[in-house]
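Colleague: quick one, fold the following:
(chains A and B)
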Amino acid sequence: MDVDPRDRGGPAQPLLLVEGLRKHFPVRGGLLNRQVATVQAVDDVAFSVRKGETLGIVGESGCGKSTTARLLMHLIKPDAGEVVFDGDPVGERHGITVNAMRRQMQMVFQDSYSSLNPRMTIAESIAYAPRMHGVSGKEALDRANELLTQVGLNPRQYARRYPHELSGGQRQRVNIARALALEPRLVILDEAVSALDKSVEAQVLNLLSELKERFNLTYLFISHDLNVVEYVSDRVLVMYLGRVVETGPVEAIYSRPRHPYTRALFASKPTLDPDRRTTEMPLTGDPPNPINPPSGCRFRTRCAFAQAICAELVPSLAAPLDGVDDTGTHRVACHLPHAQQVLHA
Amino acid sequence: MSQTTVDFVTRQLTMSEETLQAPPAPGYWRAVGQRLARDPVTITVTIILLLIVFISLGAPLVAGADPYAGSVMMRLKPIGTPGHWLGTDETGRDLWARLCYGGRLSLLAGILPVMISLVVGGFLGIVAGYVSGLPGTLIMRTMDVFYAFPSILLAIAICGLLGNGLSNSVIALALVFIPPMVRISETVTTQARQLDFVEAARASGTTTMQIIRHHVLANVLGSILVYATSLISVSIILSAGLSFLGLGVTPPQAEWGLMLNSLRQAIYVQPYVAALPGVMIFLTSMCFNLMSDGFRSAMDVRLNK
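Modeller: Below is the predicted model:
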């Protein structure tokens, strides 16, 4: 691997370090438009992304995955928390500015159509951000054409087309090229392949792994699709109702999930293999309302193992209580040893 | 790693998404031209409008008579009278000359208020849409107050307040047209602000002004320009109505609405002559409407082919 001149802390320093990230949205209502409640969309989320890895974030819809991504990009202002990009705290006096971070961190959205301006040709869309940063028009367009080639679209055919003239998969390739135009080091893929049909999804996933090699990228891969996350990720973060419930290497999480929620989530994953049929109890009901989340462990209302302590204490992320942790990085937010045991049929 | 996923991916690799070969797309303006060329209605009404503009601007050249010189002998002559091919009005002035000169004021009174309201209303709407919160609420609620009045009533009230004359009727009509302009541009801006491509632009460090200029303005202009062209016809009719009521242009100036008013009494004597200013108003406003429709569909990149 070549050494990136922008790499400051060396390979051991995480590219992104997130501490205590929190966002509570006010719910307004009543006569004077007063705040009547808060949605605890993201609450005390902490994680790190190592250089060159892919961190997958999974969870049900509404668990705060996308809000986390938007908070990282500062598209929404966080209420609290610290984001450290390669050793530099973002938005603080002794760190780097939000804009400096945004140049190194880019995002691909789920909806490939609405993330492109319908009135710009795709080459213009890709060249737009570099031009706003002072690259000359000609140079930016040349670079856009080059990027189109990199994502597998022939610029002579596609550069002057409009978004509505492309298929969903082609548009998502354009969005990836657009995200790469500023030469970022970290790319957040927020459900980037979820809206594509399966064959196109596979092509785009392969493209992403090629580009990762070629441009020395780090990915934050957000998805609700457990199979896809297993395929692309090195490490996985499981979220439930705005909190991290479990994190660790993909093999550890997928082979021995510890948190009752993670296990239930994986049990819901459809499989074609009759030998791996579901043995866990399925989850019932919907996630509780994030306006009034349960006290203590947020999963306790749906957890089969819940005890008195779960309602009182918020569990912190800690090593699995059965002591089996090959890599030393598996972390679970659960109080109860017996709840973390994998049941074998 | 799941074996099934890997198998799946490798199998799909052999299928290429880019099997669909297509020729390179033409440039934007060439495409617009091509679509216009296939639309005879738009071309016809555009030519008619250009003719109306030409006879108005070139009135001294094409009128052939003094629009203010009357003659007691030549009052209310029918269409086809030698020397006055469109007849004369109630004081014997040549009607063709008056229609030519009248076009100047009528077109001005039709276009100028719309342009003023386009700039002012568009600006206020974008501000209200982008800066939600107190400034936005303030702007929108003020517009709602204007909305409470019917447009003609509001124009008459403002005109009555300011006194008559062309400039006052322009101001009155501009004030009437600003609220709908604000509302449309505010709606479009609010929609555009939530779109992912605006988020993506923000995420790449684009400033608010750049986003408004490149992403919001293009979308807002597209919608309010079409609305504005349709307002021109309303504006011509309203300003004609104002002068008809004696609130806009004052006699003896030539203006279609005013001419319609003064020829009204001759409707039993020379009905065709009396109808001519009305025909011009109708023709102009209909042409503006059809032209705006045609241009909207020709310029929309999404309505291709």
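
Colleague: just confirm residue A:237 is within a strand.
Modeller: Yes: remark: residue A:237 belongs to a strand, assigned using DSSP: H, G, I helix; E, B strand; the rest coil.

Colleague: gap between it and residue B:276?
Modeller: Taking CB to CB, to the nearest Å as the measure, residue A:237 and residue B:276 are separated by 78 Å. C-beta here means a position set from N, CA and C on the backbone, and glycine is covered the same way.

Colleague: which one's more surrounded, the two?
Modeller: Using other CB atoms under 10 Å in any protein chain shown as the criterion, residue A:237 and residue B:276 rank with residue A:237 on top: 27 against 22.

Colleague: quick one: that one and residue A:58 touch, right?
Modeller: Yes: in terms of CB atoms under 8 Å, residue A:237 counts as a neighbour of residue A:58; the distance is 7.4 Å.

Colleague: state the pLDDT value of residue 88.
Modeller: Looking at chain A here, since you left the chain open. Looking at residue A:88, its pLDDT is 87.

Colleague: that was the other one, I meant chain B.
Modeller: Taking residue B:88 on its own, its pLDDT is 76.

Colleague: what's the answer for residue B:25, then?
Modeller: Residue B:25 is given a pLDDT of 50.

Colleague: the closest residue to chain A within the stretch 201-305 of chain B - how many residues pack around it?
Modeller: When scored by CB to the nearest CB, the stretch 201-305 of chain B has residue B:204 as its residue closest to chain A, at 3.7 Å. Here the number of neighbours of residue B:204 (other CB under 10 Å) works out to 24.

Colleague: on the three-state scheme, residue B:262 is what?
Modeller: helix.

Colleague: that one contacts residue B:95, doesn't it?
Modeller: No: proximity of residue B:262 to residue B:95 does not meet the contact threshold set by CB under 8 Å, at 11.4 Å.

Colleague: residue A:293: neighbouring residues, count only.
Modeller: 18.

Colleague: list of residues touching stretch A:111-123?
Modeller: Defining contact as CB atoms under 8 Å, 6 or more residues apart in numbering or on different chains, one finds that stretch A:111-123 is touched by A:108-109, A:125, A:128, A:141, A:144-145, A:148, A:155, A:158-164, A:166, A:168, A:171-172, A:174-175, A:178, A:195-196, B:25, B:28, B:195-197, B:199-200, B:214-215, B:218-219, B:222, B:301-302.

Colleague: please enumerate the helices of the stretch 1-150 of chain A.
Modeller: Along the stretch 1-150 of chain A, counting by DSSP state H, counting those that start in this stretch, helices occupy A:65-72, A:98-104, A:122-132, A:137-150.

Colleague: got it, and chain B?
Modeller: With helices called from DSSP state H, chain B shows them at B:3-13, B:28-37, B:40-57, B:59-62, B:95-130, B:134-147, B:151-162, B:166-194, B:196-203, B:208-211, B:217-244, B:256-263, B:271-299.

Colleague: in CSV, list those along with mean pLDDT.
Modeller: Listed next are those as CSV, based on pLDDT from 0 to 100:
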stretch, mean pLDDT
helix B:3-13, 50
helix B:28-37, 77
helix B:40-57, 89
helix B:59-62, 78
helix B:95-130, 88
helix B:134-147, 87
helix B:151-162, 85
helix B:166-194, 88
helix B:196-203, 86
helix B:208-211, 85
helix B:217-244, 81
helix B:256-263, 82
helix B:271-299, 84
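
Colleague: can you redo the ones you listed as CSV with distance to residue A:184?
Modeller: Shown next, in CSV, are those (distance: least, CB to CB, whole Å):
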stretch, distance to residue A:184
helix B:3-13, 25
helix B:28-37, 30
helix B:40-57, 46
helix B:59-62, 62
helix B:95-130, 27
helix B:134-147, 33
helix B:151-162, 52
helix B:166-194, 24
helix B:196-203, 10
helix B:208-211, 19
helix B:217-244, 26
helix B:256-263, 61
helix B:271-299, 35
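
Colleague: most centrally placed residue in the chain?
Modeller: In the absence of a named chain, this looks at chain A. By CA atoms, centre = their mean, the mean C-alpha position of chain A lies nearest to residue A:222, the distance being 3.2 Å.

Colleague: wait, I meant chain B there
Modeller: When chain B is reduced to its mean C-alpha position, the closest residue under CA atoms, centre = their mean turns out to be residue B:229, at 2.0 Å.

Colleague: quick one: that one and residue B:118, what's the gap?
Modeller: Applying CB to CB to residue B:229 and residue B:118 gives a distance of 10 Å.

Colleague: quick one, what contacts the residue of the stretch 201-305 of chain B closest to chain A?
Modeller: Shown in contact with residue B:204 (CB under 8 Å, 6+ apart): A:102, A:103, A:106, A:128, A:129, A:132, A:133, A:181, A:182.

Colleague: before we move on, what about residue A:306?
Modeller: Contacts of residue A:306 (CB under 8 Å, 6+ apart): A:297, A:300.

Colleague: give me the secondary structure label for it.
Modeller: coil.

Colleague: leaving out the residues flanking it, which one is nearest to residue B:130?
Modeller: Of all residues not flanking residue B:130 in the chain, residue B:189 sits nearest, at 5.7 Å (CB to CB, 6 or more residues apart in numbering or on different chains).

Colleague: for stretch B:124-139, buried residues please.
Modeller: For stretch B:124-139, a neighbour-count test (16 or more other CB atoms under 10 Å in any protein chain shown) marks B:124, B:125, B:126, B:127, B:128, B:129, B:130, B:136, B:139 as buried.

Colleague: would you confirm that the third one contacts residue B:185?
Modeller: Yes: with contact defined as CB under 8 Å, residue B:126 and residue B:185 form a contacting pair (5.7 Å).

Colleague: please enumerate the shared neighbours of those two.
Modeller: By CB under 8 Å, 6+ apart, residue B:126 and residue B:185 have these common neighbours: residue B:220.

Colleague: can you list the helices of the stretch 1-150 of chain A in CSV and add mean neighbour count?
Modeller: Formatted as CSV, the helices of the stretch 1-150 of chain A follow (neighbours: other CB atoms under 10 Å in any protein chain shown):
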stretch, mean neighbour count
helix A:65-72, 23
helix A:98-104, 19
helix A:122-132, 23
helix A:137-150, 17
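
Colleague: okay, those in TSV with mean pLDDT and distance to residue B:51 next?
Modeller: Shown next, in TSV, are the helices of the stretch 1-150 of chain A (pLDDT from 0 to 100; distance: least, CB to CB, whole Å):
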stretch	mean pLDDT	distance to residue B:51
helix A:65-72	90	56
helix A:98-104	87	54
helix A:122-132	90	38
helix A:137-150	91	40
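
Colleague: just list the residues touching residue A:68, thanks.
Modeller: Remark: with contacts taken as CB under 8 Å, 6+ apart, residue A:68 is in contact with A:21, A:42, A:45, A:57, A:222, A:239.

Colleague: Provide a list of residues in contact with the residue of the stretch 51-200 of chain B found nearest chain A.
Modeller: Nearest to chain A, among the residues of the stretch 51-200 of chain B, is residue B:196, at 3.6 Å (CB to the nearest CB). Going by CB under 8 Å, 6+ apart, residue B:196 touches A:109, A:111, A:114, A:115.

Colleague: pick out the most distant pair among those residues.
Modeller: Greatest spatial distance among the contacts of residue B:196 (CB to CB): A:109 and A:114, at 7.7 Å.

Colleague: quick one: which of these two has more around it?
Modeller: Neighbours per residue (other CB under 10 Å) separate residue A:109 from residue A:114, with residue A:109 holding more: 25 against 17.

Colleague: leaving out chain neighbours, which residue sits closest to the residue of the stretch 51-200 of chain B closest to chain A?
Modeller: Closest to residue B:196 by CB to CB, 6+ apart is residue A:115, at 3.6 Å.

Colleague: ok, residue A:326 next?
Modeller: Leaving aside its sequence neighbours, residue A:326 sits nearest to residue A:252 (CB to CB, 6+ apart; 6.7 Å).

Colleague: ditto for residue B:258
Modeller: Using CB to CB, 6+ apart, the closest residue to residue B:258 is residue B:243 (4.1 Å).

Colleague: what is the neighbour count of residue 33?
Modeller: I'll assume chain A. Residue A:33 is flanked by 8 other residues according to other CB under 10 Å.

Colleague: looking at chain B here, not the other one
Modeller: Neighbours of residue B:33 under the rule other CB under 10 Å: 12.

Colleague: cheers, nothing more for now.
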